[in-house]
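Undergrad: Give the three-dimensional model of this entry:
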Amino acid sequence: MVTNSIRYIYDSNMGMELIFCENSTISYPTHNHVSVLTIGIVLDGSIVLTANHNAQVYEKDQTFIIRPYMPHSILAHSSYTLLSLCIDKNIAAQYSTDKIRHNIMTMLRNVSNTERINPYRISRLSDCLNSLSAYTDWRSESRDPLINNLKKQLELYPEAQFSIEEMAQNALISKYHFIRSFKAEVGLTPHQFQLQNRIRKAQRLMRSAETITEVALTTGFCDQSHFIKQFKKQVGLPPLTYKLSSRTIKSGEIS
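TA: Modelled structure (predicted):
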């Protein structure tokens, strides 16, 4: 049996990514998805999803929703097969459920071994969006304008060399009070948030970059081995394996 088989299909036209994890045993530490809505369905096995400190077991054919900026982690007790759709929050509001369902089917044509992904499961996955139609608080803005400004800087320029001391000075508070306040607002410490955004940027760059060294330097890692270690911790795969497992398509393209 093949384990930890993961395929990433990114639609550059619609800004949507489909992730198919087959027989995976990978657990993911606490993180959040910046401005991205994630919906998923367990196709086999089970996972423990902890969101906002609330742990819940999801088993076969159960769906879940992870809203933008929601801190969460995934624990694998054994192997699981999972289909997830990551979609920009603005796209989720712009397109109809039928359009998104059609796009899921298009992206699935670029994934092999999809026998367990039947029309019923695709409908369950896409219909999760209907339950969000009246939800408007995407938690993209912090209640503290200073922290909100810094959060945006770390999202846009995660490779920049910000020290905790500099961040605290910019927020006009002590170092330890700043760390507590930032974590209370964002769900992660400033260092964790910056690191995850560096890795997210690395994932985007991996689609076109020639070398891993190039990506590591561009995202602020001076030590390539440290970059590879952090990438695997956040993504679950080494950078090169991730690159080989990823494909970018445009809506309407069929493999």
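Undergrad: how far is the strand or helix carrying residue 99 from where the chain is centred?
TA: Following DSSP states H and E, one finds residue 99 within helix 97-108. Relative to the centre of its chain, helix 97-108 is centred 19 Å away, using CA atoms, centre = their mean, to the nearest Å.
Undergrad: strands paired with whichever strand or helix holds residue 37, and their directions?
TA: According to DSSP H and E, residue 37 maps onto strand 36-44. Next to strand 36-44 in the sheet, as set by DSSP bridges, lie strand 63-66 (antiparallel), strand 80-88 (antiparallel).
Undergrad: For the first one, output the C-alpha coordinates as PDB.
TA: Right, strand 63-66. C-alpha atoms of strand 63-66 as PDB (Å, rounded to 0.1, in the frame of the first residue of the first chain):
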ATOM      1  CA  THR A  63     -17.100  17.100   6.300                       C
ATOM      2  CA  PHE A  64     -15.500  20.000   8.100                       C
ATOM      3  CA  ILE A  65     -15.000  23.800   7.600                       C
ATOM      4  CA  ILE A  66     -11.900  25.800   8.500                       C
END
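Undergrad: ok, back up a step: give me whichever of the strands paired with strand 36-44 is most buried.
TA: Neighbour counts (mean count of other CB atoms under 10 Å) averaged over each of these peak at strand 80-88, with a mean of 21. (C-beta placed from N, C-alpha, C; glycine too.)
Undergrad: Tabulate the strands paired with strand 36-44 (TSV), appending distance to residue 20 and mean pLDDT.
TA: Formatted as TSV, the strands paired with strand 36-44 follow (distance: least, CB to CB, whole Å; pLDDT from 0 to 100):
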stretch	distance to residue 20	mean pLDDT
strand 63-66	15	92
strand 80-88	6	90
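Undergrad: Take these and write them to TSV, including distance to residue 247.
TA: What follows is the strands paired with strand 36-44, written out as TSV (distance: least, CB to CB, whole Å):
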stretch	distance to residue 247
strand 63-66	23
strand 80-88	15
